[in-house]
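A.B. asks: Sequence and predicted structure, then a few things I'm wondering about:
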Amino acid sequence: MNTNKVTAAHEQVVRVQNGWAMLILLIAALLADSGLMVFSIKDGVETTGQPHGGLLAIAIIALPIIIVLMTGLFTLQPNQARVLVLFGAYKGTVRTPGFHWGNPFYSNGPQQAASWRANLAAAKTGTGRTPGPLPMGRNKISLRARTLNGDKLKVNDKRGNPIEIAAVVVWRVEDSAQAMFDVDNYENYVPIQSESALRHLASLYAYDHSEEDTEITLRSNVDDVSKSLRDELQERLGKAGVVVDEARLTHLAYAPEIAQAMLRRQQAEAVIAARTKIVQGAVSMVDMALKELAEKSVVNLDDERRAAMVSNLMVVLCGESEVHPVVNTGTLYS
């Protein structure tokens with residue numbers, strides 16, 4: 001049984017040589033080598049009739065070395081980093097913007113080739129997913145904030161109702177070593193894990209409140225749901241050295257096949273809630289009227305007349321249409 005545990009990589013910020021100083025030095029070395037080559041040929045022919053073999057050999061050997069050293073020059077823009085890998089060993093990360101020189105044998109990692117393959121596969125299959133950014137080469141990683149506008153997903157909420165949901169995620173690379181070495185391709189890892197987290201989130205909450213229910217829902221508690229989505233995304237994407245700055249729902253609706261039925265249900269619940277409020281208010285007003293009449297001895301009513309008065313007041317207060325009163329011109333009991 002293999003018990004080896006894969007440990008997470010951690011970024012180590014290092015500094016490299018100034019590019020301008022190395023450029024001047026390499027140009028001077030190139031000019032000196034060219035002069036040595038010309039001198040060995042010219043002086044040798046003039047003195048011995050053939051070039052100086054030793055000096056010419058040194059000049060020829062030095063020329064490709066200088067050219068290879070020139071390939072170590074590179075530039076970094078603000079919020080950009082380069083991961084230094086020498087013969088498979090991680091040597092650190094350069095974060096300082098500007099013109100630099102590093103070991104020309106620092107290799108390019110597999111991230112660029114993987115990104116090219118992913119974009120090419122998306123273009124051929126027509127999956128509709130927006131291709132990722134083109135690789136920058138030399139293990140360069142952008143540290144700038146990026147926006148992932150997710151596609152609409154059809155999932156089931158906590159109660160099993162089919163809904164459509166989508167989210168936007170603002171993320172950036174915080175640890176370049178984790179992004180480069182702990183996942184195969186962090187640019188593909190982010191959208192896949194974001195979709196998985198959104199599907200899981202939708203299954204934890206109901207779309208809307210049911211009767212006499214005060215739990216957190218997707219529609220009514222947007223801030224709480226967005227915070228839960230951000231926390232879950234951070235837990236998932238932290239393995240790739242990614243920080244989630246913001247995650248928020250951009251689309252939320254019932255699936256088309258149940259949208260009309262759920263709309264009628266919402267309308268019915270709204271009507272019931274309104275009617276409940278009206279009845280509660282009417283009962284309170286009738287009770288107040290009866291107490292006022294009794295306390296001030298305006299009129300003495302028996303149970304039958306009190307019931308008739310309550311019925312009339314409830315009709316007036318709870319009726320949807322305007323009530324036309326009938327004036328009694330006789331006595332109270334006629």
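C.D. replies: Received the coordinates, thanks.

A.B. asks: quick one, helices of the stretch 201-334 of the chain?
C.D. replies: Assigned by DSSP state H, counting those that start in this stretch, the stretch 201-334 of the chain shows helices spanning 222-237, 256-295, 303-318.

A.B. asks: quick one, domains of this protein?
C.D. replies: Domain segmentation of the chain under automatic domain parsing yields 17-101, 142-254, 259-318.

A.B. asks: so which of those is the most packed in?
C.D. replies: domain 142-254 (a mean of 17; mean count of other C-beta atoms under 10 Å). C-beta here means a position set from N, CA and C on the backbone, and glycine is covered the same way.

A.B. asks: how much space is there between residue 253 and residue 290?
C.D. replies: Taking C-beta to C-beta, to the nearest Å as the measure, residue 253 falls 48 Å from residue 290.

A.B. asks: Check residue 280 too.
C.D. replies: Distance from residue 280 to residue 290, by C-beta to C-beta: 16 Å.

A.B. asks: Show the low-confidence segments of the chain, by residue range.
C.D. replies: Flagging of the chain using pLDDT under 70 yields the residue ranges 1-8, 108-137, 210-213, 258-269, 298-299, 302, 317, 319-334.

A.B. asks: picking that back up, out of the helices of the stretch 201-334 of the chain, which gets nearest to residue 185?
C.D. replies: helix 222-237 (13.2 Å; C-beta to C-beta).

A.B. asks: what's in contact with the closest one?
C.D. replies: 167, 169, 171, 189-190, 193-194, 196-198, 200-201, 204-205, 216, 218, 243-244, 246-249 (C-beta atoms under 8 Å, 6 or more residues apart in numbering).

A.B. asks: Could you rerun that using 6 Å?
C.D. replies: The list of residues contacting helix 222-237 from outside it, by C-beta atoms under 6 Å, 6 or more residues apart in numbering, reads 193, 197, 201, 216, 218, 244, 247-248.

A.B. asks: and what of stretch 239-255?
C.D. replies: So stretch 239-255 is contacted by 152, 154, 162-175, 178-179, 182-183, 186, 189, 218, 226, 229-230, 233-234, 262 (C-beta under 6 Å, 6+ apart).

A.B. asks: try 7 Å this time
C.D. replies: Here stretch 239-255 makes contact (C-beta atoms under 7 Å, 6 or more residues apart in numbering) with 145, 152, 154, 161-179, 182-183, 186, 189-190, 207, 218-219, 222, 225-226, 229-230, 233-234, 237, 259, 262.
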